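1. A structural model of the following input is requested.
(one chain, ligands or ions: 1)
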Amino acid sequence: MRHTVTLIPGDGIGVETSAAMQRVVAASGAEIEWEIAQAGAACIETYGTPLPEETINSVRRNKVAIKGPCTTPVGTGFRSVNVALRKSLNLYVNLRPVMSIPGAGGRYSDVNLVIVRENTEDLYAGIEFEEGTEKALELIDFIDKQGAGRIAKDSGISIKPISITATKNIVDFAFNYAIKQGRNKVTAVHKANIMKYSDGLFLRVARDVAKDYEDQIDFDDKIVDAFCMNMVMDPSQFDVIVFPNLYGDIASDLAAGLVGGLGLAPGANIGKEYAVFEAVHGSAPDIAGKDLANPTAQILSAAMMLDHIGEREAALRIRSAVLAVYAQGTHLTGDIRVPERKCEPATCSSFTDALVRQIEAM
Ligand code: NAI
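-> Residues are numbered from 1 along each chain as shown. The predicted structure follows:
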């Protein structure tokens, strides 16, 4: 069956990793027609915005998209494309499976966990008050009058909203995902001991939701600082982990680091109607345009996308080929740290060539 999928190449290394991903998907046998849509720093000049309406409409039409990273320009007044896309399509789940890949230089060989990150609120809500502005001073005054606490007048303020509705939705998703994937445990991560009305609410709702699933899936919770230590010492103890937005963001990079780095970490933004697949990493301006990027994360994001649209065999072929190329160890990009390199670092293109050859030989 032929599928139309929106492809947002993004900018920076996104251009290179998206092209690599297209080659690998073509080799996998899945019949995909790509509808190319623009977003990111490169399209501000043409469209006056980093996220044109026609890009959002393309995702609405096709229901599924895969996206390369987009740079968030600093100091231009533009907010993150990624955050805007997640909001406008109500992609309330950020799903990030993290697995050890033998030969990829990870610190552990037994990691197999899934990060489920709330995607719409928390400190990522983008509700901020700049230091010294009238609004910031009014807010500081209001909080003082409420008797809620004194804030220094030269403070900038970011608001951290966490709602019952969004927490129920994300925790419910985590449990349903655990059941569908044959997993055993959900862990909720929070700092409820300090932020009683935001993280405290998150924990209370998570515990309530967990009761609906107690016959099928175990549940526990961890305070975020202890969670970080536990992750670094023994990540194999975690299965499905559900987070408020910001902790999920930070934990994703931590988890990626344990299995070999950002070049390997795939992800998806999922809502009730639409899904946008993308790697965890950003646009890596330090290596953009040099053919040095590791495209594995975006290629594994494409495998998640293929599963989502029912192309399971093609997805399996891609995953098996990735495992084989890393096991061979003769085409590893420069970001992969192995004790003994069997080759000069591969380029994005030569890694992709090896992967395509592997798929074709399967
Ligand atoms: P980054 O993830 O782009 O880079 C961090 C480090 O990891 C850099 O040294 C980079 O070279 C390396 N790296 C990342 N991906 C790699 C890959 N596939 N292969 C080899 N090395 C890789 O994070 P950074 O520098 O904080 O952000 C750069 C830009 O990307 C910012 O404008 C940020 O806002 C944006 N960003 C976009 C995201 C998205 O579109 N989903 C996600 C994260 C950041």
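
2. which bits of the stretch 251-362 of the chain sit near the ligand?
-> With C-beta under 6 Å from any ligand atom as the criterion, the stretch 251-362 of the chain comes near the ligand at residues 262-263, 278, 281-287, 293-294, 297, 335. All C-beta spots, glycine's among them, are computed from the backbone N, C-alpha and C.

3. Turn the residues you listed into TSV, including pLDDT.
-> Shown next, in TSV, are those (pLDDT from 0 to 100):
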residue	pLDDT
Leu262	95
Gly263	96
Glu278	97
His281	95
Gly282	95
Ser283	95
Ala284	97
Pro285	95
Asp286	97
Ile287	97
Ala293	98
Asn294	98
Ala297	98
Asp335	96
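
4. which residues touch whichever residue of the chain sits closest to the ligand?
-> Distances between the chain and the ligand by C-beta to the nearest ligand atom are smallest at Gly282, namely 2.4 Å. With C-beta atoms under 8 Å, 6 or more residues apart in numbering as the criterion, the residues that contact Gly282 are Gly12, Pro69, Thr71.

5. Neighbour-wise, give me the winner out of these.
-> Highest neighbour count within the contacts of Gly282, by other C-beta atoms under 10 Å: Pro69, with 29 neighbours.

6. So that one, which state does it fall into?
-> For Pro69, the secondary structure call by DSSP: H, G, I helix; E, B strand; the rest coil comes out as coil.

7. Could you measure from it over to Ala288?
-> Per C-beta to C-beta, to the nearest Å, Pro69 is found 10 Å from Ala288.

8. now, among the contacts of Gly282, which is nearest to Gln22?
-> Distance to Gln22, by C-beta to C-beta, is smallest for Pro69 among the contacts of Gly282, at 15.8 Å.

9. Name the nearest residue to the closest one, sequence neighbours excluded.
-> The spatial neighbour of Pro69 that comes closest, neighbours along the chain excluded (C-beta to C-beta, 6 or more residues apart in numbering), is Ser283 at 4.3 Å.

10. what about Phe78, how many neighbours?
-> Phe78 has 16 nearby residues by other C-beta under 10 Å.

11. Please pull up the helix or strand immediately following the least confident helix or strand in the chain by mean pLDDT.
-> Here the helix or strand of the chain ranked lowest by mean pLDDT, DSSP states H and E is helix 44-47, holding a mean of 86. Next helix or strand after helix 44-47 toward the C-terminus (DSSP states H and E): helix 53-62.

12. In CSV, could you pull the C-alpha coordinates for that next one?
-> Coordinates of each C-alpha in helix 53-62 appear next as CSV, following Å, rounded to 0.1, in the frame of the first residue of the first chain:
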residue,chain,number,x,y,z
GLU,A,53,0.6,27.4,7.9
GLU,A,54,0.9,25.2,4.8
THR,A,55,3.4,23.0,6.7
ILE,A,56,0.8,22.4,9.5
ASN,A,57,-1.9,21.9,6.8
SER,A,58,0.2,19.2,5.1
VAL,A,59,0.5,17.3,8.4
ARG,A,60,-3.2,17.7,9.0
ARG,A,61,-3.9,16.3,5.5
ASN,A,62,-1.6,13.3,5.7
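
13. Other residues contacting that helix?
-> 4-6, 8, 35, 37-39, 65, 85, 88-89, 274, 276.

14. for stretch 242-254, same thing?
-> For stretch 242-254, the surrounding residues in contact (C-beta under 8 Å, 6+ apart) are 94, 96, 98, 115-124, 162, 167, 170-171, 174, 186-191, 198-199, 202, 206, 224, 227-228, 231-232, 241, 262, 265, 267, 280.

15. Narrow the residues you listed to those in strands?
-> Among those, the members found in strands (DSSP state E) are 94, 96, 98, 115-118, 186-190, 241.

16. Output these in TSV; the columns should cover neighbour count and distance to Arg341.
-> Below are the ones in strands among the contacts of stretch 242-254 laid out as TSV (neighbours: other C-beta atoms under 10 Å; distance: C-beta to C-beta, whole Å):
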residue	neighbour count	distance to Arg341
Asn94	25	33
Arg96	25	28
Val98	27	24
Ile115	27	30
Val116	25	35
Arg117	28	34
Glu118	27	39
Val186	27	39
Thr187	21	36
Ala188	27	40
Val189	28	36
His190	25	41
Ile241	25	33
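
17. ok, which stretches of the chain are helices?
-> 14-28, 44-47, 53-62, 81-88, 134-145, 164-180, 199-212, 224-233, 245-259, 296-308, 312-328, 348-361 (DSSP state H).

18. Ranking these by mean neighbour count, which comes first?
-> helix 296-308 (a mean of 26; mean count of other C-beta atoms under 10 Å).
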